[in-house]
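# Sequence first, predicted model second:
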Amino acid sequence: MRRFLESDFLYDFLRAPVAIVSFCVVSILVLSAIFAQFIAPTNPFDPASLELMNGFTPPLEPNMYTGEVFLLGTDDQGRDLFSAILYGLRISLFVGLMAVSLAMTMGVILGLIAGYVGGWLDNLIMRLADIQMTFPSILIAMLIFGVARGLLPPELRYEMAITVLIISIGLSEWVPFARTVRGSTMVEKEKEYIAAAQLIGLKKWQIMIRHILPNVLGPVLVIATITFALAIIAEATLSFLGVGAPRTEPSLGTLIRVGQDFLFSGEWWILLFPALTLLALALAVNLLGDWLRDTLNPRLK
Amino acid sequence: MAENLLEVRNISVTFKTRYGILKALDNLSLNVKKGEILGLVGESGAGKSMTGAAILGLIDAPGQLSSGEIFYKDECISDAPEAVRGHEISMIFQDPLMSLNPLRKIGDQLVETILTHMNISKSEAIKKAKNGLKEVGIDPSRLNSYPHTFSGGMRQRVVIALALAPEPSLIIADEPTTALDVSVQAQILDLLKKLCKERGTSIILVTHDMGVIAETTDRVGVLYAGRLAEIGNTREVLTDPKHPYTRGLVESTPRIDSNSFKKSLFQIPGSMPKLDAMPSGCAFHPRCAFASDICTKKIPPILHKRAACWLLENGEL
Amino acid sequence: MLVIIFRRLGQSVLVLFLVALISFLIFRYVGNPVDNLMGQEATLAQRAALEEALGLNDPFYKQYFSFVWNALNFDFGNSYRGALPVSDLIASRLPATIELALTSAIFALFFGVITGIYTAIRRGGYLANIILSTSLIGVSLPTFLIGVLLIWLFAVELKWLPSFGRGDVVQLGWWSTGFLTLSGIKSLILPSITLGLYQLTLIMRLTRSEMLEVMRQDYVRFAKALGLSSKQVNYKHALPNTLVPVVTIAGLQLGSIVAFAIVTETVFQWPGVGLLFINAVYFVDIPVMSAYLLLVGVLFVIINLFVDLLYLAIDPRLRDSNSSE
């Protein structure tokens, strides 16, 4: 049965060009982020490698002082943009991944509890979810970010920026996971094998993890993919607004923020290339998520 | 020719899916005479409703009328079925709960329909709408009520009033009573029959209920897997079925009148083939007790203007 | 129906109290009102006196209710930066945000519904497919990127429209409006498109899928079978049924327009409350953050309530069925 499902899944995948292309784009971006230090010509975080003379070099043109050529040009500080994008991509993906993991863990646990235990706990969790859903998640993330900054002593604000960013985005996205898991759990709970598991004396948490969790993983995977796209965009947005990744650890959003400043003076490449990378990433993950949703669970539509 | 109000000639309806092209209707021909009630009977998926939808050009994509022609009053309508909708041929759907626009008063829907087809003033249209409601047994003062305030049976009455409002010559009634309570079914059928007889309107009655066929129709067509299995005078078809499938259908219908009461009901073995797994030759041969070699190879045409069965080739069954 | 309205009102009040609680917690415990007012060099005795005077030693519920009471009187304390009353700051910035949000909401709703209907009716058509594929990019494009790209094209390259600010505004009492001057209207165009584009694609896709769903319904097929023209069928039968859910979702989207106004206002340096908020986050200006949260909370609750009531007004089924409950 499982085998059959998987082969059908593969069958659908190989017949969906959009899914294949998106998958390839995501793979290439992820791999180049992982192996950034081997691919990138320079380390953009190493101040020693920066040559201010190289500043504002257009793509593929030799610098007028040093004669060096950069694939995608350089920014104001002479930082190789190609390298900066690779490292920025790494931060964007890292934040996105961690934020989704956080949201997923939290949502799945709360959803399982709400669905399986029920009662006032269920009520409390779901009302909380309702209230959070009235507010757009980006706003929640900003608010959590602001509060966290307020709670941190000023000297830690920059050091902890990435962690705070992950927590803010993660906490703002748990609701869809919890709702889906709760729904599936309530359906699963009524089935006979759960009653059987209760009869042989398994504990509640054992039943939840061993029997119910595997059955709700399909929709969770779909939501995780879609949330991943949302998290990447949220991260980029916060960083662009200056309340995310700092300039010392620039993500794609930070790079775009920097690039915007040079738009008026004609250095378009500082903005364009990070923007295109972000767009490709967000679009590919979104398309992949859409396809997964349609294939794995048409009802989620 | 002129006695035939509607002639359906060799129509096929196909669906393109990822598994290939499926034939929901295969080379189907039938005709409807003026003033008669033609029943179409068969299991679900046999193509009864599809026939009705095809006549009015209401097949939803990805389905399409891929071949054949439909003639109404000797004019081909299959290219532009919009032209006859309403004032020539109209239709009644299965579920009265779904057939009325929930956001509009029934009076508005009636008046709109009347004004679309008749060149009269609005106040005359309202008068006509009230008359229409009275005829189907609904208090005309309810003109300004919304559909959800009516029961299922009452809604189907409204639907009948709507279908009759443009004064069509033919009504296609697609399982008009299936969704209703048993106690209401007979009332609605009698009402439909009475109003159509008064007006000389023909009916194509789509149903899966042999009892309804027996009580209501003049002639009956039996559909099986998108093909016409048998067609003829209702009394003849029911008392002397020529196609083994029809015979199975008749024998599997419970009767209270005869002494067959004690006997267990006849069952046709197996089930109707799915459209993506149609057997070769006659679609019924895997379930047929009389199947011979030719049945597995060639699709039988309608023989003796009665039944699509190779048994009829060598005389009577 | 009255029952439903009262139940909704009750829920709204509950949500408001919760939002107020969170605002209060942020205001009271994340920020430190004493630090804010005195600076670091104050003596312990001075601090204690101020704490007493501010009521910081009162029981929790008392502090909470005085916070809510003050908020009801539009008193949110002073901003950490510049020490201006927060309510004055917000009042001076609110018109800019409201004008921007309304313009882009109308833009999104109008074009979203029109393109949604078009792509549903012309399903599979050439232009419809182009619109659909473009919308897919639109959904993936972050709001700020849309803004930056629009600035680049229309302000930097073509120099047609201003890239930042509100242009000239006219003062009508305490309300400042940009609708009455040419530069004000020109300044409004790019930010409105930026803010509305995502909602536009969302509304378009929703309208399209709802319309396709409705067109499969029996009452639409019945209307067709009755010989009504495709115009009558599409616009009198299919469209109104489509608009019920669309209006609901579009109304709820107003909330996210307000949230994304923060992003748009930053990109275009639009002097609204969103820009005020993001600066507050940046500089950890707690009273402004807390007041903004409360403001947005009230706004969202009002929007939700309004959408519910609108829903009741549009759909006759709901109007009646609730009274029998």
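Okay, I see it.

# what's the longest helix in the chain?
No chain specified, so I'll use chain A. Here the longest helix in chain A is taken by residue count, with DSSP state H as the criterion, and it is helix A:81-117.

# nope, chain C please
Determined from DSSP H, the single longest helix within chain C is helix C:86-121.

# Does at least one residue of it sit close to chain A?
No: judged by Cβ under 8 Å from any Cβ of the partner chain, helix C:86-121 stays clear of chain A, getting no closer than 12.9 Å. Placement of C-beta: from N, CA and C, glycine included.

# buried ones in that helix?
Residues of helix C:86-121 classed as buried: C:86-87, C:89-90, C:93-101, C:103-105, C:107-109, C:111-113, C:115-121 (neighbour count, 16 or more other Cβ atoms under 10 Å in any protein chain shown).

# list the contacts for B:Val84?
Counting by Cβ atoms under 8 Å, 6 or more residues apart in numbering or on different chains, B:Val84 makes contact with B:56, B:72, B:77, C:227.

# one more time with 6 Å
Going by Cβ atoms under 6 Å, 6 or more residues apart in numbering or on different chains, B:Val84 touches B:72, B:77.

# From chain A, how far out is it?
Taking Cβ to the nearest Cβ, to the nearest Å as the measure, B:Val84 and chain A are separated by 37 Å.

# just B:Leu275 next, same as before
As defined by Cβ to the nearest Cβ, B:Leu275 lies at a distance of 21 Å from chain A.

# so that residue makes contact with B:Leu22?
Yes: contact criterion Cβ atoms under 6 Å: B:Leu275 and B:Leu22 qualify, at 4.3 Å.

# Distance check, whichever residue of the stretch 151-300 of chain B sits closest to chain A against chain C.
Across the stretch 151-300 of chain B, the shortest distance to chain A (Cβ to the nearest Cβ) belongs to B:Asp276, at 16.1 Å. According to Cβ to the nearest Cβ, B:Asp276 stands 22 Å off from chain C.

# how many neighbours does B:Val212 have?
20 (other Cβ atoms under 10 Å in any protein chain shown).

# Tell me which helix or strand it sits in.
For B:Val212, the enclosing helix or strand under DSSP states H and E is helix B:210-216.

# list the buried ones in that helix?
Buried positions in helix B:210-216, judged by neighbour count with 16+ other Cβ under 10 Å: B:210, B:212-214, B:216.

# Near chain C, which residues of the stretch 151-300 of chain A are found?
Taking Cβ under 6 Å from any Cβ of the partner chain as the contact definition, the stretch 151-300 of chain A meets chain C at A:151, A:233, A:236-237, A:240-243, A:260, A:263-264, A:275, A:282-283, A:286.

# Point out where chain B drops to low pLDDT.
The model of chain B has pLDDT under 70 over residues B:1-2, B:18-19, B:255-265, B:315-317.

# how about the strands in it?
For chain B, the strands identified by DSSP state E occupy B:4-17, B:20-33, B:37-41, B:63-72, B:75-76, B:89-92, B:170-174, B:202-207, B:219-224, B:227-233, in order along the chain.

# Could you report the neighbour count for the residue of the stretch 151-300 of chain C found nearest chain B?
In the stretch 151-300 of chain C, the residue that lies nearest chain B is C:Gly227 (2.1 Å; Cβ to the nearest Cβ). Look at C:Gly227: counted by other Cβ under 10 Å, it has 23 neighbours.

# One more: B:Gly221?
In terms of burial, B:Gly221 registers 27 neighbours under the definition other Cβ under 10 Å.

# check contacts around it.
With Cβ under 6 Å, 6+ apart as the criterion, the residues that contact B:Gly221 are B:30, B:40, B:228, B:231.

# out of everything not next to it in sequence, what's closest to it?
Leaving aside its sequence neighbours, B:Gly221 sits nearest to B:Ile231 (Cβ to Cβ, 6 or more residues apart in numbering or on different chains; 4.2 Å).

# Excluding sequence neighbours, find me the nearest residue to A:Leu89.
In space, and not counting its chain neighbours, A:Leu89 is closest to A:Ala33: 4.4 Å by Cβ to Cβ, 6+ apart.

# The helix or strand containing that neighbour vs helix A:81-117, what angle?
Using DSSP H and E, the element containing A:Ala33 is helix A:17-34. For helix A:17-34 and helix A:81-117, the angle between their directions (axes from the mean of the first three to the mean of the last three Cα atoms, to 10 degrees) works out to 110 degrees.

# Quick check: buried residues in helix A:17-34?
By neighbour count with 16+ other Cβ under 10 Å, helix A:17-34 contains the buried residues A:19, A:22-23, A:25-26, A:29, A:32-33.

# Quick check: which of those has the minimum pLDDT.
Of all the buried residues of helix A:17-34, the one the model is least sure of by pLDDT is A:Ala19, with 83.

# I'd like the distance between it and A:Arg157.
In this view, A:Ala19 and A:Arg157 are 41 Å apart by Cβ to Cβ, to the nearest Å.

# Over to B:Ala129?
Distance, B:Ala129 to A:Arg157, by Cβ to Cβ: 73 Å.

# which of these two has more neighbours?
Comparing B:Ala129 with A:Arg157 by other Cβ under 10 Å, the one with more neighbours is B:Ala129, at 25 against 15.

# List the contacts of that one.
B:107, B:110-111.

# for A:Ala231, same thing?
Residues near A:Ala231 by Cβ under 6 Å, 6+ apart: A:96, A:99-100, A:169.

# repeat that with 10 Å
The neighbourhood of A:Ala231, defined by Cβ atoms under 10 Å, 6 or more residues apart in numbering or on different chains, consists of A:92-93, A:95-103, A:137, A:141, A:165-166, A:169-170, A:172-173, A:224, A:285.

# With C:Lys62 instead?
C:Lys62 is in contact with C:Gly55, counting by Cβ under 10 Å, 6+ apart.

# Also A:Phe94?
Under the criterion of Cβ under 10 Å, 6+ apart, the neighbours of A:Phe94 are A:33, A:162, A:166, A:235, A:245, A:251.

# what's the farthest-apart pair in these?
With distance counted by Cβ to Cβ, no two of those lie farther apart than A:Ala33 and A:Ile166, which are 16.1 Å apart.

# ok, how many other residues are close to residue 85?
Picked chain A for this. The number of residues packed around A:Ile85, counting by other Cβ under 10 Å, is 26.

# Sorry, I should have been clearer: chain B.
Other residues within reach of B:Arg85, judged by other Cβ under 10 Å, total 26.

# mind checking pLDDT for the residue nearest the centre of chain A?
Closest to where the C-alpha atoms of chain A average out (Cα atoms, centre = their mean) is A:Gly96, at 2.3 Å. For A:Gly96, the model assigns a pLDDT of 93.

# wouldn't it be in contact with A:Leu281 here?
Yes: at 8.9 Å, A:Gly96 counts as touching A:Leu281 under the criterion of Cβ atoms under 10 Å.

# so what sits against both of the two?
A:228-229, A:232-233, A:236.

# Next, count neighbours for residue 68.
You didn't say which chain, so I picked chain A. Look at A:Glu68: counted by other Cβ under 10 Å, it has 15 neighbours.

# right idea, wrong chain: chain C
Around C:Val68 sit 17 other residues, with neighbours defined as other Cβ under 10 Å.

# Could you check how far the residue of chain C most remote from its centre is from C:Asn57?
Among the residues of chain C, the one whose C-alpha is farthest from the average of all C-alpha positions is C:Ala45, by Cα atoms, centre = their mean at 45.1 Å. When distance is defined by Cβ to Cβ, C:Ala45 is 14 Å away from C:Asn57.

# Would you agree the residue of the stretch 151-300 of chain B closest to chain A is in contact with B:Ala24?
No: when contacts are counted by Cβ under 10 Å, B:Asp276 is not listed as touching B:Ala24 (11.1 Å).

# Which of the buried residues of helix B:210-216 sits closest to C:Phe65?
For the buried residues of helix B:210-216, with C:Phe65 as the reference and Cβ to Cβ as the criterion, the closest is B:Val212, at 71.0 Å.

# just to revisit the earlier point, show me what contacts the residue nearest to B:Gly221?
Taking Cβ under 10 Å, 6+ apart as the criterion, B:Ile231 is in contact with B:29-31, B:38-40, B:219-223, B:237, B:242-243, B:246, B:302, B:305-308.
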